[in-house]
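Trainee: Kindly generate the corresponding structure for this input.
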Amino acid sequence: MINRTKLSVIAVSAVLAVALTGCGGSASSAPSSVSSASASAPVSDAASPAADTTENGTADLDSAVETLLAANPISNQFEIAAMNIEYDFGLKAEDVAAYKGVKSNDNGDAGLVLVVEAASGKAQDVVTALESYKQDQVAFYGNYAEFAQAQSNVENAIISSKGDRVVMVIASNACSADLNSAVDSALNS
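Mentor: Next up is the predicted model:
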């Protein structure tokens, strides 16, 4: 079964092709972000490596995420998608082999659980990108006095790695557990 991400990539490619043709352009005038290789590639090759995994992760990542969610229950969960990995977290598709995570969709709750299986040798690049994301979130929540708890939670976020696995956890506003031991368990599962 083709997942929604792959269908979205195909649909966007088709719309761009029609739009460019309708404007008198040709396929060769497509923006550089849409390569001719991805437009003509088979459906199974059209998505990035991160989007090509079952449910955005593996069974190993599911277990790690469940361990983290047991310690850090996220309210009104929003599943992290391929789009979030690239645009929100600033991770390059080629640096991510698999990922799984959720974040809170509640206003003022920065709760987050994310487990990334980095491409071989790319764990430090993933950690660096997540540190940048953390700083961006601290600055964002710092703009709102009513989100002081969320800002504090982001400032105390845990970003840790072992081998090619990287974990990022931001306590939800309702979390009272020690997240360090949950992160250790997730890295060793």
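Trainee: same for the longest strand seen in the chain, what does it pack against?
Mentor: What stands out as the longest strand in the chain, according to DSSP state E, is strand 96-104. Secondary-structure packing of strand 96-104 (3 or more Cβ pairs under 8 Å, 6 or more residues apart in numbering; DSSP states H and E): helix 59-71, strand 77-79, strand 112-118. Placement of C-beta: from N, CA and C, glycine included.
Trainee: in this protein, what secondary structure element scores lowest on mean pLDDT?
Mentor: helix 36-40 (a mean of 36; mean pLDDT, DSSP states H and E).
Trainee: The residue nearest to residue 106 when sequence neighbours are not counted: what's it in contact with?
Mentor: Nearest residue to residue 106 in three dimensions, chain neighbours excluded: residue 76, at 4.7 Å (Cβ to Cβ, 6 or more residues apart in numbering). Neighbouring residues of residue 76 by Cβ atoms under 8 Å, 6 or more residues apart in numbering: 104-106, 109.
Trainee: which residue sits closest to residue 188, ignoring its sequence neighbours?
Mentor: residue 162 (7.1 Å).
Trainee: what comes into contact with the helix or strand encompassing residue 183?
Mentor: Taking DSSP states H and E as the criterion, residue 183 maps to helix 179-188. With contacts defined as Cβ under 8 Å, 6+ apart, helix 179-188 is touched by 64-65, 67-68, 70-72, 115, 158, 160-162, 165, 167, 169, 171.
Trainee: re earlier: what about the residue nearest to residue 106, distance to residue 105?
Mentor: 4 Å (Cβ to Cβ, to the nearest Å).
Trainee: So the protein: which segments form each domain?
Mentor: Using automatic domain parsing, the domain ranges for the chain come out as 4-47, 51-188.
Trainee: ok, now which ones touch the residue nearest to residue 89 when sequence neighbours are not counted?
Mentor: Nearest residue to residue 89, sequence neighbours excluded (Cβ to Cβ, 6+ apart): residue 133, at 4.9 Å. Contacts of residue 133 were listed using Cβ under 8 Å, 6+ apart, and they are 88-90, 168.
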